[in-house]
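**Q** Sequence first, predicted coordinates after that:
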Amino acid sequence: MSDVRLMWRKSLNVVMLTLTGVAALAVVSVLVMILGYLIWNGGKSLNWDFFTKLPKPVGEDGGGMANAIVGSLKLLLLAAVMGLPIGLMAGVYLAEFSGKTFAFIIRYTTDLLNGVPSIVIGIFAYSLIVLPVKHFSAFAGGVALAAMVIPITVRATEEFLRSVPVSLREGAMALGASKWRTIATVVLPAASAGVITGMLLALARVAGETAPLLFTAFSNRYWSPGWQQPIASLPVMIYTYAIAPYDDWHRQAWAAGLVLLGLVLVANLGCRLVLNRRGTYRSV
Amino acid sequence: MASAAQGKELTARLAPKVRASESSSTVAGKEETLRFEILGLDFFYGPKQAVFGLSLKIPKNKVTALIGPSGCGKSTFLRTLNRMNETLRHTRVVGQVLLDGQDILQMDVVKLRRRVGMVFQRPNPFPKSIYDNVAYGLRINGYKGKLDDLVEHSLRRAALWEEVKDYLQKSAFALSGGQQQRLCIARALAVDPEVLLLDEPCSALDPVTTAKIEELMFHLKDSCTMAIVTHNMQQAARAIDYTAFMLDWKLIEHNETSKLFTTPHDARTEAYITGRFG
């Protein structure tokens, strides 16, 4: 009797271990496949021209996407400048100052905003900014992206501020620090690693967004000086080039995908390096 | 030059001080100068009362211990002395707490907390360097003078200087638990408080480290009044001048430590110190 039960337990153990293992493997292999395909196809098409030259006219091979690389960086800069401070401050308010009811309302609204389809955010920015001035602009694209950065930043900030132990706040307040001083000099620095990571994830997330840019930043086959003109971006270029009927454009779309991924990865790694050197908070 | 004036004030405060408002009184049959005088203190967390009609005198440059079973209101009471309970919502204090004859409820809370420092149950160093931890209180109080000397002085008073003098820029987290707790004491001492509140400061520490902190308390008595919550009976008996026994959110008995432990007046005190409950 007990032998049978033991056998049963052991075989169940093996089955469950296999099932979970296979699922984990599936997750990893999907990523590896995407990466491999991207590197294989993109790598073949990547050359120095891609980073330095403007797109060639239709029908001519060669050229690059220098304007789209710079454009994506400019759009991200706009999104960061507009979205991160608002998200950070709202997160601080949510974690440190708001009462129960108000916190519930903010948190719920933020989650809703986070769940709004990016194309809808695009329409919103379109009707708010593009329609009144009657032209597409980098600024409109930046606003659309910022609207997506904000909810992610708010929740990341809140979560990591809340994880800072009460004892640290008490330590600062017992020395006569005001609440605001405590947050600025002890709580935020203690949570900085998490908060910055959250911000970076938010930016990485919107770096690849196409839908909100389609009818806000639009696109541009030339350089786009300033912030008031349509501007090229890597995701929109990928979209345009991938559905075009030219082999050379498909090639460039792969290259653009690889560069986009590279941008996100480099930003991520760079930030992690800085944070590691500074030393992160760990509880005693 | 407001900053220079503040600097002078802080340095002056390092010298022994005599205050006009100091009053002497009888504490457990002995004549003492009072630092704190608590009169009929009630404390409420929302509708729940956590301290009932507590009156206690805390004499200057002495160590007063609060003992009693867990949850009897010792920590709550200690935290009313620097108004730390105000950081929680829906708390209410009734009665008087006099610091050198002044009602602390009427005082500016920042000034109060600079005069009444606190050390917590678990070491809670900030995620900063050792130096910045000690300098924190000085900086937020607007002290702009030379910090190095005051940092060294505070670390020496907390008996930590020799161990950390070559690592001042290292993270405070690199220290051991006992060193961290002494760092927290140094941090509290840096703003030169008149009173130090210690909320079970040794409960997370091993016996050797505990002994170091007791030794430290003994030396600090010259310059600082201390009130300590403790579960450690031996500690209470060894390093402490006066002991107050609390039970069910009330003060039961307060006496010189030696008398309280050898000839308690109240049956409940005797039951507690002989280990029959708690």
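**A** Done, it's in.

**Q** Residue A:212 and chain B: what is the separation?
**A** Distance of residue A:212 to chain B, computed by Cβ to the nearest Cβ, to the nearest Å: 37 Å. Quick note: C-beta positions are derived from backbone N, CA and C, even for glycine.

**Q** can you list contacts of whichever strand or helix holds that residue?
**A** Using DSSP states H and E, residue A:212 sits in helix A:211-214. Helix A:211-214 is contacted from outside by A:75, A:117-119, A:121-122, A:125, A:141, A:144-145, A:147-148, A:233, A:235-236, A:239, using Cβ atoms under 8 Å, 6 or more residues apart in numbering or on different chains.

**Q** Same check on stretch A:172-181?
**A** Residues contacting stretch A:172-181 (Cβ under 8 Å, 6+ apart): A:96, A:182, A:185-186, B:82, B:84, B:87, B:109-111, B:113-114, B:117-118, B:120, B:126, B:136-137, B:140-141, B:187-188, B:191.

**Q** got a list of what the residue of the stretch 151-278 of chain B found nearest chain A touches?
**A** Residue nearest to chain A within the stretch 151-278 of chain B: residue B:171 (5.6 Å; Cβ to the nearest Cβ). Residue B:171 makes contact with A:279, B:127-130 under the criterion Cβ under 8 Å, 6+ apart.

**Q** Using neighbour counts, give me the buried entries of the residues you listed.
**A** The neighbour-count test (16 or more other Cβ atoms under 10 Å in any protein chain shown) marks B:127-130 as buried among the contacts of residue B:171.

**Q** of those residues, closest to chain A?
**A** When these are ranked by distance to chain A (Cβ to the nearest Cβ), residue B:127 comes first, at 4.4 Å.

**Q** Tell me how confident the model is about the helix or strand hosting residue A:168, as a mean pLDDT.
**A** Per DSSP H and E: residue A:168 is located in helix A:166-174. Across helix A:166-174, pLDDT averages out at 93.

**Q** Return the residues of the stretch 51-200 of chain B in contact with chain A.
**A** For the stretch 51-200 of chain B, the residues in contact with chain A (Cβ under 8 Å from any Cβ of the partner chain) are B:82, B:84, B:87, B:109-111, B:113-114, B:117-118, B:120, B:122-128, B:136-137, B:140-141, B:171, B:173, B:177, B:180, B:184, B:187-188, B:191.

**Q** Apply the buried test to these and list what passes.
**A** The neighbour-count test (16+ other Cβ under 10 Å) marks B:82, B:84, B:87, B:109, B:113-114, B:117-118, B:120, B:122-128, B:136-137, B:140-141, B:171, B:173, B:180, B:184, B:187-188, B:191 as buried among these.

**Q** quick one: average confidence on the longest helix seen in chain A?
**A** Here the longest helix in chain A is taken by residue count, with DSSP state H as the criterion, and it is helix A:2-45. The average pLDDT within helix A:2-45 is 92.

**Q** Check the offset of that helix from the chain's centre.
**A** 27 Å (Cα atoms, centre = their mean, to the nearest Å).

**Q** And residue 217, what's its pLDDT?
**A** Because you didn't say which chain, this covers chain A. 91.

**Q** that's the wrong chain, I meant chain B
**A** 88.

**Q** now swap in the one 10 residues further on and tell me
**A** According to the model's per-residue confidence, residue B:227 sits at a pLDDT of 95.

**Q** pull the CA atoms of the helix or strand that contains it into CSV?
**A** Secondary structure from DSSP H and E places residue B:227 in strand B:225-229. Taking Å, rounded to 0.1, in the frame of the first residue of the first chain, the C-alpha atoms of strand B:225-229 are listed here in CSV:
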residue,chain,number,x,y,z
THR,B,225,19.5,61.7,30.3
MET,B,226,18.3,58.4,29.1
ALA,B,227,15.0,56.5,29.1
ILE,B,228,15.2,52.9,27.9
VAL,B,229,12.5,50.3,27.3
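
**Q** is that strand up against chain A anywhere?
**A** No - judged by Cβ under 8 Å from any Cβ, strand B:225-229 and chain A are separated, with a smallest distance of 13.5 Å.

**Q** Show me which positions of that strand end up buried.
**A** Neighbour-count burial for strand B:225-229 [16+ other Cβ under 10 Å]: B:225-229.

**Q** same question, stretch B:42-58
**A** Neighbour-count burial for stretch B:42-58 [16+ other Cβ under 10 Å]: B:43, B:50-51, B:54, B:56-58.

**Q** Tell me the bridge partners for the spatially most central residue of chain B.
**A** A centroid search over chain B (Cα atoms, centre = their mean) returns residue B:197, at 1.2 Å, as the residue closest to the centre. Legend: beta-bridge partners of residue B:197 under DSSP bridges are residue B:118, residue B:227.

**Q** ok now the strand holding residue B:227, how far from the chain's centre?
**A** With Cα atoms, centre = their mean, you get 4 Å for strand B:225-229.

**Q** can you tell me the average pLDDT over stretch A:49-63?
**A** On average, stretch A:49-63 scores 85.

**Q** just to revisit the earlier point, out of the buried ones among the contacts of residue B:171, which are inside helices?
**A** Counting by DSSP H, these place residue B:130 in helices.

**Q** from the chain's centre, how far out does the helix or strand that contains residue B:26 sit?
**A** Residue B:26 belongs to strand B:23-27 when assigned by DSSP H and E. In terms of Cα atoms, centre = their mean, the centre of strand B:23-27 is set 20 Å apart from its chain centre.

**Q** Longest strand in chain B, please.
**A** In chain B, with assignment by DSSP state E, the single longest strand is strand B:30-45.

**Q** got the buried residues for it?
**A** B:32-38, B:41, B:43.

**Q** Can you list the strands that the strand holding residue B:26 pairs with?
**A** When pairing is defined by DSSP bridges, strand B:23-27 lines up against strand B:30-45 (antiparallel).

**Q** I'd like to check the angle between the strand it pairs with and strand B:225-229, please.
**A** Comparing the axes of strand B:30-45 and strand B:225-229 via axes from the mean of the first three to the mean of the last three Cα atoms, to 10 degrees yields an angle of 50 degrees.

**Q** what does chain A have sitting close to chain B?
**A** Near chain B, when you scan chain A using Cβ under 8 Å from any Cβ, you find A:165, A:167-178, A:181, A:185-186, A:189-190, A:279, A:281-282, A:284.

**Q** any chance of the buried residues of stretch B:42-58 in a markdown table, with secondary structure, distance to residue A:52 and pLDDT too?
**A** Formatted as a markdown table, these follow (DSSP: H, G, I helix; E, B strand; the rest coil; distance: Cβ to Cβ, whole Å; pLDDT from 0 to 100):
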| residue | secondary structure | distance to residue A:52 | pLDDT |
| --- | --- | --- | --- |
| B:43 | strand | 72 | 94 |
| B:50 | strand | 71 | 91 |
| B:51 | strand | 74 | 92 |
| B:54 | strand | 78 | 93 |
| B:56 | strand | 79 | 93 |
| B:57 | strand | 81 | 93 |
| B:58 | strand | 76 | 93 |
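
**Q** which two in the residues you listed are spaced the farthest apart?
**A** Spatial extent of the buried residues of stretch B:42-58 (Cβ to Cβ) is set by the pair B:50 and B:57 at 21.1 Å.

**Q** give me the number of residues near residue 167?
**A** All of this refers to chain A. Using other Cβ atoms under 10 Å in any protein chain shown, residue A:167 is surrounded by 16 other residues.

**Q** let's do chain B instead
**A** For residue B:167, using other Cβ under 10 Å, the count is 14.
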